[in-house]
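>>> Sharing a model that was predicted from the sequence below.
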Amino acid sequence: MVLNGGQAIIPTLRMRVVNPLALVDIKGIPELSSTVEVADTGIRVGPRVTIDRLMNWPGIAEVAPVLREAGAALADAQIRAQGTAVGSLCWADPRANYPVAFLALKAVVSAVGSKGRRDIEIDDFFAGYRANVLQDELVMSVTCPGTTRLGFSTYREFSRQINDVCIVNIAVSEVDGELRVAVGGLDKRPQLVPSAAGVMANLEEPATSEAFMAALSTRPVAPIEDGQGSPEFKLALIAELLVEIAAEYREAKA
Amino acid sequence: MTNISGTNNSDLIAVQMEVNGKTVSGNVEGRTLLVDFLRKDANLRGPRIGCEEGACGACTVDVGGQLTKSCLRLAVECDGATVRTVEALAENGELTTLQRAFRDCHALQCGFCTSGMLMSAEALLRDRGPEPLTDKQIKLGLGGNYCRCTGYSNIIRAIKVAAGEAEPLADAGDVLAGESHVGRSTSRKEDDRLLRGNANYVDNFTMPGMLHMTIVPSTQAHARILNIDVTQAKSMPGVAAVLTGADIAKVCGPMSPTMDAFGFKLPRRMPIADEKTIFFGEPVALVLAETPEIAEDAAARVFVDYDPLPVITDPETSATRTSDEPEFLLYPEWGDNLQTHYPFTIGEVDESFETAHLVMDEVFSSQRYSAQPMETRGVLASWDSDQHSLIVRASVQIPHQFRMFISKTFGIPETDIQVLTGDIGGGFGGKLGVDAEYLPVAATRILGRPVKWIEPRSSWTRAGPHARDFRLRTRGAFDADGKLLAMDVHVLSDIGCDGAERAGGLGMPINGSVYGSSIYDVSNYRMLAQAAVTNKPPYGAYRGYGKDIANLASELLMERAAEKLGINRVDIRERNFPESFPYRIATGPTIEDSSSRDCYRKLVDKIDIPSLEQEKAVAQANGKYIGYSIVPYIEPAGAAFPGTMFQSYESASVRVNSDGTVRVFTGMTSLGQGIETVYAQVAADLLGCRPDQVRVKFGDTNEGPFGSGTYSSRGAMYAVGAIEAAAAKILPRMKLAASRILKCDIGDVSVENGVFTTPSTNETCTYEEVAYSVYFQPGSGIMLEGADSSLLEEIGTYLHPDVSWEFDELGRGQLYPANPGGAQAAKVEVNIKTGRVKILKLWLISDHGTVLNPMLLDGQIMGSVMQQLGGTMFEEIAYDNAGKPHTKTMKDYGMPSIWSTPDLEIEHMQTRSKATATGAKGAGEDGSIATTTTIVLAVEDALRPLGVKISSSPLTPARVLDLINRAQGESKLENNK
């Protein structure tokens, strides 16, 4: 297993949930960047960029507020200082903040392994509960569309206490004029919900929770058992968060 | 402690770091955590471990300028790094502005979390911008540090003080002539060491030859143990022994009960399962090894064969089982599953219900949760057979009684046992029970080497004492004016495997029903307290101790009857307050004064009900749901139950030393209450010296007289009373000696702030001069000639006069001598789309008689409010039908973080107690009593248009939304009819 920021892996090891043959610390590899590039052509996030660093990187709050908001709502100062956004993506917990954020942003994951380098569309990246499609590969960067292609974006979550483990979370982003709604907590992996994006994008009428519930009902739901409520409850929460975001979106478009 | 499994970790890796300016190197395993390197190789005590998941933040340090939880970094990752810990904060030995702000805002109690809290606060202040700090910024900065004691609001304030944006809470300046030390908000003496990371929690101690103990927990809630295979574990390098029940039985008998009274049935079990397991997590074997890591590795290779037995998880079913179904009895010899069945009736209950205008029949059940102090349980035990000496360092609230229990359980004479507690990282009742604490004692007795056990958080959650988990049914008979004519209260608690032998929780359902009428006047009363055993961990004492149940029992009736009868909810309570005080409640105890009612009236004025009603109406017009509630409460304090660890006296030993300093030894322990400070304030007033002359010692059974310990909000009455008794004997001797130095009549000697004077000559002498004259120059023979004793040392005891162990012919007694009271109010907003309850504001007015230290009392109140808020809203240890806990981590559990800090306003009234010299009553549990009631009733008030009634906690969004949806579904059905 790969040890990057280690903020998710180490507790899992301590509780002996996983027992890897080896743990490889990648922090010293010079090719793994700890910088962010914000350009017209794309936002490139290096695998060593901590959440704190990404949140506060010049331009991020203006160009892709979803990346800042997802970070601010993540755990705590210590974990934001050590954990990395790419690590959070690779850990692929369905309720984690960066998987939905990168999914909404239509990111491309660039990985390198023994078979060479490849680019993976974010839509194809998640393989299941805390699982991704990487083989014997390391992520070299995650690239989101650049300033010219990005519009509105935001992040919302619902948890028992603020910055607690999410029950559900949502990232929304406008890419090339198309709204993308990514939802965590509905399934074993974060999900894109185009039908909900359709409701939100329709500025003709204010989006209601009923409309979102109808949109969400078009897809099967299989949330993880976290003792935090029934699938119906989680759907209701998502619908309410979507109503909030839709109002914000309308305002941004007005 | 590291417990990452480590099959291939035998190769040690050399690492070197600069820690607090010093180069530290060591050889570590690949899996060694930074926190373990700092504690072991760098010999630091500040970074601490409160969990295994990187949640609590007590281990927070700075690595290379970045804040980090040192339990979430491997030592090898930090090779070559620069590390700063809490120990490096103080500059040239002086506390920093931030540390002083924490002290002067009472931003710490037990101190266990403080090291990490300070590191996070320092980083926040370092990285802040030029604008004033907002609460949100502070919460973002400290959200990763849990505190169980303070309720966080004083921490937030301390950070603002350090930033120059708020004033400290402590009284500044010296005490002026004629002023007393009692009543001042004095900063705490204990804080200096706690702020430097230097406290002496049990995990800070090591001994040569020490072994580390790990418990192999049962993975079956109820099963016969067929075989335990220890061969693999035993053969691992570094493993000294693997012990099972059969080994332990050679040195250890059944556990000495902590409560053996009121006909409670006792399981008479050993602290380890021998033939069968009775809860998931019960110890089945012990591994003793050279390091905690090896012990953990070996524990994973102990293999146990079980033959499952029927598992009992539901208390209501359990309560109905009889000897007809012995397979469903946890202890077949009992004949049922009820550890206690405690009925009481007085007056004409049935008749009142039959003729009543209105009968209310209400239920409320609470989930299972627990005290969860930041420091888990821990023991370091060392047996020396040559010296016949057993020394036990332990995180327990009752050291002397623990010594007695060890003596009885192991058959070791008490004289040969010394129990030391040191600083305790929080207790809240959770460290009153004793079970797994016996196991390191058994191991050292068998192996002859010191044995240390520090309980992992998951084990505390899985096997430590649990609380609440009750089902309350409360019935009330009312007349048309809302006068309560009769009550019938039934409390059934799920006490897990035991609530009396190994843990003292059985008083909780009993209190819940004995005090079910709260301060209301009702003479016809029936109660039944039942404690049903299940295959779960034991039921232990937890702050509130059933007074929370009692408060719900009466207030649910009042609130809902008022609604039914169309009476204003303040009026209905006014109509039911006793006409005069002292008032003897139906079950026997006497409420000594009207303080609870008076606090209630004061709070009614304070919260301004008309404006709250208006706010509610405006909110409703805008589709928002705001509600409020206000209730009185009583806090029976100073529990004194014969035949239990809740004893009716306390002791103190007071000595004036030859250098004029004063040493007070108390039988209480220090869990964060501030006893070193408050008792010094008291002793200073009583002895005419300065608080800084007084050192308060505790937690060493070799040092002072037998003491009862810390429980039941008793210190301000019992411990202070004992100090008074001792001081009252010493002061005349000091004055006598002073009169001989000042060459005046003893009646002409006065003393204040450590200086004796006589007005006739204006001559003075100091405490030190007087004490030295008694001890040495010329000595007691001359200076104390004619006195009642030659010593400046006395043992004092205090027995509260208002305890009555003699029950009258109707079965009424008084086991709590004092009933301080208060009132609490809440304002909440409920989002009916998500079920989220937002606590907008809490108010609390309490009366504890004379307030000894207002800042510290408020700290106790804030902390208890936050704990009960956590229990009402989030906290839960959930079980499945096989008796397996779902809740593993602190995050699963729902520990309240700084983000949940409520806006809480506190005030005090001070009706002096007639029973204590200072006039103080007990304090410490206020918030634990009525917080659930006020939040529940405020939520119901907010949702009144929908007709939602809440009958269980926690008030999670899922549960509240479900109630709302059901109520709306019902009203739709009604409309369709």
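It's in. As the structure is a prediction and not an experimental result, all values here were calculated from the model. Numbers count the residues shown, from 1 in each chain, chains lettered A, B, ... in the order given.
>>> Settle this for me: residue A:88 is touching residue A:96, isn't it.
Yes. Residue A:88 sits in contact with residue A:96 when judged by Cβ atoms under 8 Å, with a separation of 5.2 Å. For every residue, glycine as well, the C-beta is placed using N, CA and C.
>>> From the contact counts, what lies against the helix or strand containing residue B:528?
Per DSSP states H and E, residue B:528 falls inside strand B:524-532. If contacts are counted by 3 or more Cβ pairs under 8 Å, 6 or more residues apart in numbering or on different chains; DSSP states H and E, strand B:524-532 sits against helix B:315-320, strand B:338-346, helix B:349-355, strand B:484-494, helix B:507-514.
>>> What residues sit buried inside that strand?
B:524, B:525, B:526, B:527, B:528, B:529, B:530, B:531, B:532 (16 or more other Cβ atoms under 10 Å in any protein chain shown).
>>> next one: stretch B:821-840
For stretch B:821-840, burial by neighbour count (16+ other Cβ under 10 Å) applies to B:821-837, B:839-840.
>>> do the same with stretch B:635-646
So, applying 16+ other Cβ under 10 Å, buried residues of stretch B:635-646: B:635, B:636, B:637, B:638, B:639, B:640, B:641, B:644, B:645, B:646.
>>> Please convert those to a markdown table, extending it with secondary structure and distance to chain A.
Putting the buried residues of stretch B:635-646 into a markdown table (DSSP: H, G, I helix; E, B strand; the rest coil; distance: Cβ to the nearest Cβ, whole Å) gives the following:
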| residue | secondary structure | distance to chain A |
| --- | --- | --- |
| B:635 | coil | 28 |
| B:636 | coil | 32 |
| B:637 | strand | 31 |
| B:638 | coil | 35 |
| B:639 | coil | 33 |
| B:640 | coil | 38 |
| B:641 | coil | 37 |
| B:644 | strand | 36 |
| B:645 | coil | 34 |
| B:646 | coil | 34 |
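>>> Which pLDDT value goes with the residue nearest to residue B:567 when sequence neighbours are not counted?
Leaving out its chain neighbours, the residue that sits closest to residue B:567 by Cβ to Cβ, 6 or more residues apart in numbering or on different chains is residue B:482, at 4.6 Å. Note on residue B:482: pLDDT of 98.
>>> What is the neighbour count of residue B:482?
23 (other Cβ atoms under 10 Å in any protein chain shown).
>>> residues contacting it?
By Cβ atoms under 8 Å, 6 or more residues apart in numbering or on different chains, the contact set of residue B:482 is B:561, B:562, B:565, B:567, B:571, B:572, B:575, B:576.
>>> For the second one, give me its contacts.
With contacts taken as Cβ under 8 Å, 6+ apart, residue B:562 has the following neighbours: B:482, B:568, B:569, B:571, B:572.
>>> Out of the helices and strands packed on strand B:524-532, which one sits most buried?
Burial of these is given as mean neighbour count (mean count of other Cβ atoms under 10 Å in any protein chain shown); helix B:507-514 ranks first at a mean of 28.
>>> who touches that helix?
Residues contacting helix B:507-514 (Cβ under 8 Å, 6+ apart): B:259, B:262, B:340, B:342, B:344, B:467, B:470, B:472, B:489-493, B:499, B:527-531, B:539, B:541-542, B:545-550, B:553, B:587-589, B:636, B:639, B:641, B:644, B:646.
>>> follow-up on the earlier one: among the buried residues of stretch B:821-840, which are in reach of chain A?
Among the buried residues of stretch B:821-840, the residues that sit close to chain A (Cβ under 8 Å from any Cβ of the partner chain) are B:831, B:833, B:834, B:835, B:836.
>>> Okay, and which of those map to strands?
Among those, no member is found in strands (DSSP state E).
>>> Near chain B, which residues of chain A are found?
Counting by Cβ under 8 Å from any Cβ, the residues of chain A near chain B are A:3, A:6-7, A:10-11, A:13-16, A:19, A:21, A:23, A:25, A:27, A:50, A:72, A:75-79, A:81-82, A:158, A:160-165, A:167, A:209, A:227-230, A:233, A:236-237, A:240.
>>> So which of those belong to strands?
Using DSSP E, the residues of chain A next to chain B in strands are A:3, A:25, A:158, A:167.
>>> Need the per-residue pLDDT for the nearest residue to the second one once chain neighbours are set aside.
I take that to be residue A:25. Spatial nearest neighbour of residue A:25, chain neighbours left out: residue A:3 (4.6 Å); criterion: Cβ to Cβ, 6+ apart. With respect to pLDDT, residue A:3 has a value of 95.
>>> Residue A:22 is in contact with residue A:3, correct?
No. The criterion here is Cβ under 8 Å, and residue A:3 misses it with residue A:22 at 9.8 Å.
>>> Please identify which of the two sits among more neighbours.
Neighbours per residue (other Cβ under 10 Å) separate residue A:3 from residue A:22, with residue A:3 holding more: 20 against 9.
>>> Tell me who's in contact with the more buried one.
Applying Cβ under 8 Å, 6+ apart, we find residue A:3 in contact with A:9, A:10, A:23, A:24, A:25, A:26, A:27, B:74, B:77.
>>> What's the local residue count around the last one?
Same thing as residue B:77. Using other Cβ under 10 Å, the number of residues around residue B:77 comes to 22.
>>> how about the residue nearest to residue B:567, secondary structure?
Classification of residue B:482 by DSSP: H, G, I helix; E, B strand; the rest coil places it in coil.
>>> what about it, distance to residue B:395?
Going from residue B:482 to residue B:395 by Cβ to Cβ, to the nearest Å gives 49 Å.
>>> can you check residue B:711 too?
Counting by Cβ to Cβ, the separation of residue B:711 from residue B:395 is 15 Å.
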